[in-house]
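# sequence plus predicted model, see below.
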Amino acid sequence: MKQIFMTLALLLMAATEAWADETNIGSIAYNATIEAYEIRNAGNLNDLAVYVNGTGSYSKGGTETTAHDCTGLTFRLTDDITYSSKGLASGESNFTAIGNYSHSFNGHFDGAGHTISGIRISQGGSDYQGMFGATGSKAVVERFTLDDADITGKAYTGGVVGFNRGTVTQVVVTSNVTIRATQNYANYHGGIVGQNHGNNASDRATLSYCTSAATLTIEDADNCSTYGGLAGLNVGLMTDNLADIVINFGDNETTRVESIDTPSSHGAEIWYTLDGRPLNGKPTARGIYVKNGRNPTLPPLNNFT
């Protein structure tokens, strides 16, 4: 009898230790050599979304009901990741954004020079869409290429982050990436981030050394505004970035336009011509300009002569 009791006790102890084991997050294993959780495949990346969002099933079984912001944790890509869109019907997704406004990602995601491709997100009625839906002020997302992605969202939608409060750096979004709006008032869309946020001068999100050639498309929707090749709206810091801005409005003009007839009414933003030349101050003539490297600004059509 004593032997049976001891066996049961040992089994109970082993089960408790397995439950408390923090070296794995779903299928994501911790690699002590690189001091990071290793993202090697699509299943790992999907499990990161489950862990951060606090909902869903892990790729190797088990469900999650608690959100985690990943403060102090590093996740590193150790291989290129390709999602398959084969068999996806129109309006279907093969990826869920990592984080949202209520549960943002606050860890360190290091792409280590790898490429993530094939992501499809079709959430036209939902805000905070992108590879990361929302990042917190401690988040760092860096060093990877996003290729062959098609992302549809409502407000705050970007290729890499929908709503950024942290740091996004050294990320490339290729010309094979499309950011779509399909519903009215789908505002703040950008090739890299939908919004680069900032509360004040000492608490501002950062977007640096990034390149975007994404196409931003508005399809059968009205009253959509604040679109940009890098960030739809920037109230943070943006330095040393490059964007090839392509915005399609479909059959109807659906974005709000702003007049440059009275340049003195504009604040101390940085303005560029469409070919990327910075202006020495504010626009002094009517025309098409880019404000702070993000928003094409057009005068009303009836002002053209």
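Noted; the coordinates are in hand.
# okay, now the unreliable bits of the chain?
Along the chain, segments meeting pLDDT under 70 span 1-22, 201-202, 244-278, 282-305.
# repeat that for 90
For the chain, applying pLDDT under 90 flags the ranges 1-23, 86-87, 90-91, 198-204, 213, 215, 217-229, 238-305.
# all helices of it, in order?
Assigned by DSSP state H, the helices in the chain fall at 2-20, 42-53.
# by contact count, what packs against the shortest one?
Counting by 3 or more CB pairs under 8 Å, 6 or more residues apart in numbering; DSSP states H and E, the packing neighbours recorded for helix 42-53 are strand 24-25, strand 28-31, strand 36-39, strand 56-57, strand 63-64, strand 81-82. C-beta: built from backbone N, CA, C; applies to glycine.
# tell me the contacts of the residue nearest to Gly62 when sequence neighbours are not counted?
Closest residue in space to Gly62, ignoring its immediate chain neighbours: Gly26 at 7.2 Å, by CB to CB, 6 or more residues apart in numbering. Contact analysis of Gly26 by CB atoms under 8 Å, 6 or more residues apart in numbering lists Asn44, Asp47, Leu48, Val50, Tyr51, Tyr58, Ser59, Lys60, Gly62, Glu64.
# for Gly26, what are phi and psi?
phi 60, psi -120 (degrees, to the nearest 10).
# rewinding a little: in a markdown table: the helices and strands packed on helix 42-53, plus mean neighbour count and distance to Thr206.
Output for the helices and strands packed on helix 42-53, formatted as a markdown table (neighbours: other CB atoms under 10 Å; distance: least, CB to CB, whole Å):
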| stretch | mean neighbour count | distance to Thr206 |
| --- | --- | --- |
| strand 24-25 | 18 | 26 |
| strand 28-31 | 18 | 26 |
| strand 36-39 | 22 | 21 |
| strand 56-57 | 14 | 30 |
| strand 63-64 | 14 | 30 |
| strand 81-82 | 18 | 25 |
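# looking at the ones you listed, which is nearest to Glu219?
Smallest distance to Glu219 across the helices and strands packed on helix 42-53 (CB to CB): 26.0 Å, for strand 81-82.
# what strands line up against that closest one, and which way round?
Each strand paired with strand 81-82, and its direction, by DSSP bridges: strand 108-117 (parallel).
# isn't Ser208 right up against Met238?
Yes: Ser208 is within contact range of Met238, at 7.2 Å (criterion: CB atoms under 8 Å).
# looking at those two, which has the bigger crowd around it?
Neighbours per residue, other CB atoms under 10 Å: of Ser208 and Met238, the larger number sits with Met238, 24 against 15.
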